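Chemist: give the three-dimensional model of this entry:
(one chain, ligands or ions: 1)
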Amino acid sequence: EKGTYPHFMLKEIDEQPFVIRNIIQKYQNEDGTVHLDDDIRSAMKSSDRIYVIAAGTSYHAGLVGKQLIEKIAQRPVEVHIASEFLYNMPLLSENPLFIFISQSGETADLRGVLVDVKKKGYRALTITNVPGSTLSREADFTLHTYGGPEIAVASTKAYTAQMAVFTLLAVDTAKASGIELDFDPIKELGIVANAMEILCDQKDRFEQIARDYLSVTRNCFFIGRAADYFVCLEGALKLKEISYIQAEGFAGGELKHGTIALIEDGTPVIAIATQEHVNLSIRGNVKEVAARGANPCIISMEGLESEGDAFVLPKVHELLTSLVTVIPLQLISYYAALHRGCDVDKPRNLAKSVTVE
Ligand code: M6R
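Modeler: Next up is the predicted model:
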C-alpha cells in the first residue's frame, strides 16, 4: 500500500534509508562486524574471477559492485548485460563465480545465462529482493537485499540495496582473504543512510531543479567520471523511463569524441562531481559544454563544492557515493515525469519484471 504517498515510486525513494539500516542489521554480527554465509565466503574466496550478470538498473548496480569488490576485496570482476552475455560469451577464467543481480529474481535474460552456466558446472550466487524467486532457487547461493516489495516499475530502493549488499560482500571477502580495511563499513553505511534521509527531506529543492532544467527540454545529458559515471547511466535510465525525455549518461572525458556535437543552446547537462581525483576534469567538461550553450546543473559533494553548484550532497565515504548521488537523480526524474503528466508508477511499454527474452 502506498499510504499517504501519491505514488509508489516516491514512497520507495523515501524508504531507502530504512532499507540500508535494515541491511546493516541483517548482516551484522553481535560484535558489529560483518559475516556472510560461510559457503558464499568460500565461493568468493576460491574463485579467480567474478562475472556479474544483470539488466537495467541492476546492471548499473553491478558496475558499482565491481568497483567495490575490486577496491575492497582486490578480486577481478567483469560486469555483463545478461542479454548479451549468452550470445557473446567472453573467454572465462579457470574458476569463475557468477553473480546474478536481480530485484525480481525473475528476469528471463538472466535465467538464460544461469541455466547455461549451471550446465557448465559453474557456481552461481543470486543477489535479489525476492529470495523464493526463480533465480534464487536455481542458484547455489542467495543474498537477500531486504528492500521490501518494490512496486513502481522504476527501480529505486532495489538499486541502493544491491550496492549496500555488494559493499558487505566485498568487506566479508576482504576479511576472509586477510585484507585489512581502513574504514568501518557498518559505520560508513550508517552515514550513507543518514545522508539519504537528509536528501529525502529536501524534495522541494529537487522539484525546483526539475522545473528549472527539464520542464521544456526534449533531451538531457548526465556526465560524470569514475564512480559518478555509473550513477549517470542510472540517472539517465530513470529519467527516460518515466518522463520520456531522451536522456543519456556519458563519461565526462568521452564527450569530445562525439557527443558534444549534440549540445545546443539550453541543453540541460546534469554533472555529478563527488570524486576528488577527477573533480577538476569533470568541472573542465562542464566548462566545455557551457561554452557551447548548455545549461549545466552541477551536483557536487561537501568538500568538493564550488560556487554556482546546484546542489551539494552531504559527504560520505568515496566508495559509497553512488548510494547517495542517485537520490537527487531519482527525485529529479520523479518530478520531471510528474510535471509532464506521465504515469510515474507505470510508464508506457514497460513491465515491472521482464519474463520474456
Ligand atoms: O528485476 P531485475 O532487477 O532483474 O530487473 C532488471 C531491469 O528490468 C530493471 O532494473 C529495469 O531496468 C527497471 N525498470 C529500471 O528502473
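
Chemist: going forward, measure contacts between C-alpha atoms and count neighbours the same way
Modeler: Will do.

Chemist: break down the chain into its strands, ranges please.
Modeler: Using DSSP state E, the strands of the chain run over 49-54, 77-81, 96-102, 123-128, 141-144, 219-224, 246-251, 268-273, 295-301, 311-313.

Chemist: which residues does Leu214 contact?
Modeler: Contact analysis of Leu214 by Cα atoms under 8 Å, 6 or more residues apart in numbering lists 220, 268, 336.

Chemist: dump those to CSV, plus distance to Lys157 and pLDDT.
Modeler: Below are the contacts of Leu214 laid out as CSV (distance: Cα to Cα, whole Å; pLDDT from 0 to 100):
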residue, distance to Lys157, pLDDT
Cys220, 23, 97
Pro268, 26, 98
Ala336, 19, 98
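
Chemist: from the residues you listed, which is closest to Ala310?
Modeler: Nearest to Ala310, judged by Cα to Cα, of the contacts of Leu214 is Pro268 at 12.4 Å.

Chemist: next, the contact list for the closest one, please.
Modeler: If a contact means Cα under 8 Å, 6+ apart, then Pro268 has 213-214, 217, 219-221, 294-297 as its contacts.

Chemist: run through the bridge partners of it.
Modeler: Legend: beta-bridge partners of Pro268 under DSSP bridges are Asn295.

Chemist: measure it to Val289 for me?
Modeler: 10 Å (Cα to Cα, to the nearest Å).

Chemist: overlap in contacts of these two?
Modeler: Shared contacts of Pro268 and Val289, counting by Cα under 8 Å, 6+ apart, come down to Pro296.

Chemist: Serialize the strands of the chain to TSV and add fields for distance to the ligand.
Modeler: TSV is the format used below for these (distance: least, Cα to the nearest ligand atom, whole Å):
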stretch	distance to the ligand
strand 49-54	6
strand 77-81	10
strand 96-102	3
strand 123-128	8
strand 141-144	13
strand 219-224	16
strand 246-251	14
strand 268-273	19
strand 295-301	21
strand 311-313	23
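
Chemist: got CSV for those, with distance to Arg111 too?
Modeler: Shown next, in CSV, are the strands of the chain (distance: least, Cα to Cα, whole Å):
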stretch, distance to Arg111
strand 49-54, 10
strand 77-81, 12
strand 96-102, 9
strand 123-128, 11
strand 141-144, 14
strand 219-224, 31
strand 246-251, 27
strand 268-273, 34
strand 295-301, 37
strand 311-313, 37
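
Chemist: re the thing from before, now the contacts of Leu214 as CSV including distance to Phe183?
Modeler: Listed next are those as CSV, based on distance: Cα to Cα, whole Å:
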residue, distance to Phe183
Cys220, 36
Pro268, 37
Ala336, 37
